[in-house]
Structures are given as structure tokens and as C-alpha cells.
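Asks: Build the 3D model from these lines:
(one chain, ligands or ions: 1)
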Amino acid sequence: MSDTTDPVADLAALIERVSGNVILPGHYPFLADTAKRRAASLRLGGVPAYVRALALGDLPGEWSCLLPHITIKESFLFRHPQHFAALASTVLPRLGAAHTSRNSLRVWSAGCARGEEPTTLAIVLAECGEVAHGDWRILATDVDEEALAAARAGVFGERAVSQVPAHLRERYFVRRGDSFEVSPEIARRIEYRAANLVNEPLPVEPGSFDVIFLRNVLIYFRPESQRRVAAAIARALTPDGVLFLGPAETLWQLSGDLEPVDLEDCFCYRRTAPRSTHLGDRGPGPGVRGEGAEQRARLRAVPDQGEPLDTQRTTAHPGSPPRDVHGREARTAHGAPPAEASPVPGPRTPDPGLTGTQERLHAAVRSLVEGRIDRAAELLDQVLLADPSDPATHAFEGFLHDVSGRTQMAAASYRAALFLDPGLFQVRLLLADALRRVANEQRAALEYREVMATLAGGRAHAVEALAGLPLPGAEQARQRCRDALLGRSN
Ligand SMILES: C[S@@+](CC[C@H](N)C(=O)[O-])C[C@H]1O[C@@H](n2cnc3c(N)ncnc32)[C@H](O)[C@@H]1O
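Replies: Numbers count the residues shown, from 1 in each chain. Sure, this is the predicted structure:
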């Protein structure tokens, strides 16, 4: 099977083909070690023989042993709490009302790790008056069967439950020594099943899920696989169903299958067509009008002609970012547990002369300033592939959506940037402007106030990497917020 002379690189390629997960060359020593141990336990002659046998399908059951070593299972209950808050306050009440006739609610946690996410979902549903007593069930799937076995046991360690509000921990868990066992009332609502998201067709009924959580899974995939999996997942949603991704996963260059829905503190996605009748664009409520991801408008206007960046400019991420046990960058958003950074290596067809992601981002900014929007988009794709956890990249992604007339997607990207770095006052200002443009005045006002508070509190900093763009400086931002709050157009 050898495509290269390096069996470890071949193994990495095989793993990507089978599971979507990309292993960085920097992690090859770890992979080599794992392969060596697996080869020894199977009494194979060494890594090349192991890789060959695996590729030929001669090792039944071996993928179940190998995948637990290479997939990242970082998770805990109530991770990214803004998703669960939006689910409880907005999504479930609306879906609950819509389902009085259908009488059932189906939720899917895709890439459920050791059960932390589906257990949280079950608790949120059990606590939600509109659905608690109805017929609701959660399907939880993962490619890692060891993780699924742990999930089925329903027992969590201290760290996994540390973010569970005390009264819910009291209500839904029994303490057993250092561990917490989930109550049968929650456990019986969850069905755990093995499923590999890169294998199509997905083993679920099309159009059958009202809510799908697919968080922090695609971040380890290449964009092509991300789009393919996202499209397949979209087909599993009901027409009114919604998909949640990880807060820093924005599906840049989404195909026409999904469009973002603003849930105030976060975004989710829904199928582009047919139009929803329960979330988003009809009637009052926090949802705002979707744009249709297929809408690929031309460069319309740079949203703001501001002053050049001023002396407030600081470096968003001084020094090297911390690394997790896998050697991956682990940036923290204001004390939050680390968000996984992508293991995805640089682009496979790198631009000659452009090596680092920052350099590529600068080139993307220059291209946009020169009006070469397609080139800017191409470079952005490369940067996101290399490091989807950089707030400046998401800010630029938002700017590019914005100048292309995709306001809703711009807002989603700005939120991703702010999730990663809440002090980026220019990005928050752009978010506020975007919200105002889609007539979400109330939310826009909150964001304008937050810009002013961030500036007043000394927590604000500029996006240095985007210095070439016409972004406002601190004083101008303050003035624009004041004008917007007083109803003066800017
Ligand atoms: C970082 S965890 C995310 C857990 C949870 N969704 C969360 O956000 O807390 C990623 C999970 O995706 C699973 N995964 C990776 N590749 C997969 C694939 N091809 N199909 C299904 N699950 C996969 C991993 O086994 C792991 O449990």
C-alpha cells in the first residue's frame, strides 16, 4: 500500500482516510510508538508489517484498538455553557411548541466522547418544562468504542462534573467515592452507538433529528472532510432542526446545506431550505434572518472606513501558546478549559514563499485591501486549515463575509473570534454593526455597551494581525458606540 517510504506517514494517511482525523507530522513519533506497541501485541514483525496488514484489512478489530489512541476525547459536562443556555431558553421552547403534534424530540450527540455531552443534553432536556415530560431521546455516537463503553457506564470523575451547577449535580448524580454516577432517569434516555462520521451513508434516518451537537470533532478534519460530514449531518436534521458546532468551528465556505442562526450568545446552524417556521426568521425572538449560505455576493463595500490602528494595539497572543499533552496548542479563553486546536498540518499546496500562518494571514489581508477577494478567500482557507483556533483568523473570516454581504455569517465568525479572545473591541464593534444591519437592535446595543465597557476596563486590544484593514481605533470605536446607542447613524 505504501505511498511513501515512511510507514508512519502511511499510517497517518490511512488513519485520515478511515476516520477523518489528521495527524500532524510533529506527532509522528507518538504515532510510531503506538504502532510499535500494537505491532508487538499482534506479534507482527514491526511497524511496516503492521501498517501493511492494517491497510489490507487483515487485522479484524484492530481499528477499535488503534482509534482510542489517536482521537482526542477532551470533554466535560456543560462544556461551552452558552450552547446549553441557548438550547434551554430558545431552541427547546420553540421546538417543544412545534412538537406538541408530533410528540417526540430526537437529539443526536455526534462525537460524544465518554458521554459528557449527551449526559449534559439529557439533563438540560429533563430540566426544560416544555419537553421534560414528553417523548424525547438522545442518540450518542462515537467512532471510539472504548469511549462508548465508558459512556455506557455513566460514571464521571470530579473534573468532568466540575462545571455542573450544584443543584443539578445533587439532583442527577450519586456520589461513589471520587466518582459521580448519573441517575437512571437520565441514563435511560441515551442510546450509545458506534458510528464513524466519515462513512456514508450515516447510520441514521434522514430528516429525523431536531437537534444535533457536533462539537469539537470537525476541528481535527481537513476542510473537504468537514464540508462533506457537515452536509451529511445536515441531511439528518428535520426541516426545523438545528446543528451546534464548537464555538470556534465556523464552517468557512459552507456549502449550500447550512446557514447560521443567531442565538444571541452563540450561533447554531440549520438547513438552508426549506425555510424554518419555528426558529430564526419569522416572528419576534432572538433568531435573526438567515441569508442562505449559497449567497456568495461580490465585494459590496468595506463596512467601515476607520482610522488606522492606534497606539492601543497590543499582541493578542504574546509568546508561544501553551501546549496540551498531545503537543497541540491549547489556548484558553479567559480561564475556560482549553479549546482543542487543530492538528491539521499546513496546506498541501502551500504558496511558495509563504510559510507561517501569520504570514499567510497578512497576505490574505493585503489581498483584500487590494480588492483581490478571491485570493484573500483562498489564503484564508489555508490559514484556517493550519490553525482554526486563532481569533484573528476568525475576525478576518468575519470581515471577508461582511464585505461580501454575508452579514449573518460574518456575525458567526466574529462570535468565534470573540469566544477565543473577548477583548478584541474592534471585532465586537463589527459584530454590533452586523447585528444592527440584520435588525437585531437589542443585541447590537448590548454589544456596543460591551465595547465601551471593555475599553473602559482596560481589557481591550486591537487585532494586530489585521492592521492593514480599516478598523477603528479605540477613540473612534467609543464614538461610534455612543452614536449607535443614541440612534445616530454612523
Ligand atoms: C474532542 S471530543 C468532543 C466531545 C464532545 N463533542 C465535546 O465537544 O465535548 C471529539 C470526539 O470525536 C470523536 N471522533 C473523532 N473522529 C470521529 C469520526 N470519524 N466519527 C465519529 N466520531 C469521531 C472522538 O473519538 C472524540 O470522542
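Asks: When you work out contacts or count neighbours from here on, use the C-alpha atoms and nothing else.
Replies: Will do.
Asks: okay, and the helix or strand of this structure with the least pLDDT?
Replies: When the helices and strands of the chain are compared on mean pLDDT, DSSP states H and E, helix 92-98 comes out lowest with a mean of 80.
Asks: List the buried residues of that one.
Replies: 92-96 (16 or more other CA atoms under 10 Å).
Asks: any chance of the residues you listed in TSV, plus distance to the ligand?
Replies: Formatted as TSV, the buried residues of helix 92-98 follow (distance: CA to the nearest ligand atom, whole Å):
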residue	distance to the ligand
Leu92	19
Pro93	23
Arg94	24
Leu95	22
Gly96	24
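Asks: Going by distance to Asp421, which of the residues you listed wins?
Replies: Closest approach between the buried residues of helix 92-98 and Asp421, by CA to CA: Leu92, at 28.7 Å.
Asks: circling back: give me the distance between the least confident helix or strand of the chain and the centre of its chain.
Replies: Put simply, helix 92-98 sits 24 Å off its chain's centre (CA atoms, centre = their mean, to the nearest Å).
Asks: which outside residues touch the helix or strand that it is followed by?
Replies: Following helix 92-98 in sequence order, the next helix or strand is strand 105-110 (DSSP states H and E). Contact partners of strand 105-110, identified using CA atoms under 8 Å, 6 or more residues apart in numbering, comprise 96, 99, 117-118, 131, 134-142, 197, 208-215.
Asks: Which members of these occur in helices, if any?
Replies: With helices taken from DSSP state H, the overlap with those comprises 96, 117-118.
Asks: can those residues go into a markdown table with extra columns for distance to Glu378?
Replies: A markdown table is the format used below for these (distance: CA to CA, whole Å):
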| residue | distance to Glu378 |
| --- | --- |
| Gly96 | 41 |
| Glu117 | 34 |
| Pro118 | 36 |
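Asks: Which one of those residues is nearest to Thr5?
Replies: Proximity of those to Thr5 (CA to CA) peaks at Glu117, which lies at 40.5 Å.
Asks: surely that closest one meets Phe76?
Replies: Yes - using CA atoms under 8 Å, Glu117 makes contact with Phe76 at a distance of 7.1 Å.
Asks: what residues go with each domain of the chain?
Replies: Domains of the chain are assigned by automatic domain parsing as 7-70, 81-271, 357-485.
Asks: Between the two ends of the second one, how far is it?
Replies: Same thing as domain 81-271. 23 Å (CA to CA, to the nearest Å).
Asks: so how far is that domain off the chain centroid?
Replies: Distance, stretch centre to chain centre, for domain 81-271: 13 Å (CA atoms, centre = their mean).
Asks: Point out where the stretch 51-200 of the chain drops to low pLDDT.
Replies: Applying pLDDT under 70 to the stretch 51-200 of the chain flags residues 97-102.
Asks: For it, just list every one of the strands.
Replies: 105-110, 136-142, 155-156, 173-176, 179-182, 190-194 (DSSP state E, counting those that start in this stretch).
Asks: that older thread, quick one, which of the contacts of strand 105-110 are buried?
Replies: Buried by 16+ other CA under 10 Å: 96, 99, 117-118, 131, 134, 136-142, 197, 208-215, out of these.
Asks: and this protein, which of its residues are near the ligand?
Replies: Contacts of the chain with the ligand, taken as CA under 6 Å from any ligand atom, map to 19-21, 71-76, 111-113, 117, 142-144, 195-198, 214-217.
Asks: May I see the PyMOL selection of the buried members of these?
Replies: To isolate the buried members of those in PyMOL, using 16+ other CA under 10 Å:
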select buried, resi 19+20+21+71+72+73+75+76+111+112+113+117+142+143+144+195+196+197+198+214+215+216+217
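Asks: Which part of the stretch 1-150 of the chain gets nearest to the ligand, residue-wise?
Replies: Ala113 (3.2 Å; CA to the nearest ligand atom).
Asks: same question but for the stretch 351-490 of the chain, I mixed them up
Replies: Ser389 (13.7 Å).
Asks: Surely that residue touches Ala248?
Replies: Yes - applying CA under 8 Å, one finds Ser389 in contact with Ala248, separated by 6.5 Å.
Asks: So for these two, which residues contact both of them?
Replies: Counting by CA under 8 Å, 6+ apart, the shared contacts of Ser389 and Ala248 are Leu420.
Asks: hmm, back to that, and the strands of the stretch 51-200 of the chain, which is most packed in?
Replies: Among the strands of the stretch 51-200 of the chain, strand 105-110 has the highest mean neighbour count (mean count of other CA atoms under 10 Å), at a mean of 24.
Asks: and it with strand 136-142, angle?
Replies: Here the directions of strand 105-110 and strand 136-142 differ by 10 degrees (axes from the mean of the first three to the mean of the last three CA atoms, to 10 degrees).
Asks: Pretty sure Leu243 sits in a strand.
Replies: Yes - counting by DSSP: H, G, I helix; E, B strand; the rest coil, one finds Leu243 located in a strand.
Asks: That one contacts Phe267, doesn't it?
Replies: No - Leu243 is beyond contact range of Phe267, at 9.2 Å (criterion: CA under 8 Å).
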